[in-house]
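Chemist: pasting the structure only:
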């Protein structure tokens, strides 16, 4: 059973997506879709050091992060989605635009995935370039977004291996690859 000291170290919250694989008419597996398996999984992320031993099918070299988590049903091939940071738009961003303005000193960084807006107008973009508080994204926006709308950073990881390190359900150690 997990203890309060350990749980206090789990400062992040992750959504767990589980792959669902359908078969084509000839019985071949199709590209998986990911369905929400749980939300609110308490985690702590750490960059992976050099892992020298080979794991399942030699995939350990692709591990980029070690994730410590509360006991839960997390499996290899699941995806973890974290939303570690939120900003607001400093100016309107109309449909067709590829730029977002931020009043904050810290803006998203190049290559970062963002969710812009909320509800029916929420869309996912990737930061192409950052210049003086202006963020250029790809693809261009498909909806109008107003000053003050939320912009959320999205980090995604694929779980490579799951270990119940302390045994008896104390906590999980997940080896993950950033997507």
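Modeler: Received the coordinates, thanks. Small disclaimer: the values here were computed from a predicted structure and weren't measured.

Chemist: What average pLDDT does stretch 171-179 get?
Modeler: For stretch 171-179, mean pLDDT is 90.

Chemist: hmm, who's touching that stretch?
Modeler: 2, 6, 48, 51, 55, 60, 62-72, 74, 79-80, 155-165 (C-beta atoms under 8 Å, 6 or more residues apart in numbering). Any C-beta I mention is one placed from the backbone N, CA and C, and that applies to glycine too.

Chemist: cool, stretch 30-37 as well?
Modeler: Outside stretch 30-37, the residues touching it (C-beta under 8 Å, 6+ apart) are 15-24, 73, 78-79.

Chemist: Please check the contacts of stretch 171-179 and keep the buried ones.
Modeler: Neighbour-count burial (16 or more other C-beta atoms under 10 Å) is assigned, among those, to 2, 48, 60, 63, 65-70, 72, 74, 79-80, 155-160, 162.

Chemist: returning to what we had before: what's the closest of the contacts of stretch 30-37 to residue 41?
Modeler: residue 16 (5.6 Å; C-beta to C-beta).

Chemist: sorry, back to before: for the contacts of stretch 30-37, which one is nearest residue 93?
Modeler: residue 15 (25.3 Å).

Chemist: Bridge partners for the residue lying closest to that closest one once chain neighbours are set aside, pull those for me.
Modeler: Nearest non-adjacent residue to residue 15, counting by C-beta to C-beta, 6 or more residues apart in numbering: residue 81, 4.3 Å away. Beta-bridge pairing for residue 81 (DSSP bridges): residue 15, residue 156.

Chemist: Pretty sure residue 81 sits against residue 14.
Modeler: Yes: if you go by C-beta atoms under 8 Å, residue 81 and residue 14 touch, sitting 6.4 Å apart.

Chemist: more neighbours, these two?
Modeler: Neighbour comparison, residue 81 and residue 14: the larger count goes to residue 14, with 27 against 19 (by other C-beta atoms under 10 Å).

Chemist: Low-confidence stretches in the protein?
Modeler: Along the chain, the model assigns pLDDT under 70 to residues 1-2, 50-61, 104-105, 166-169.
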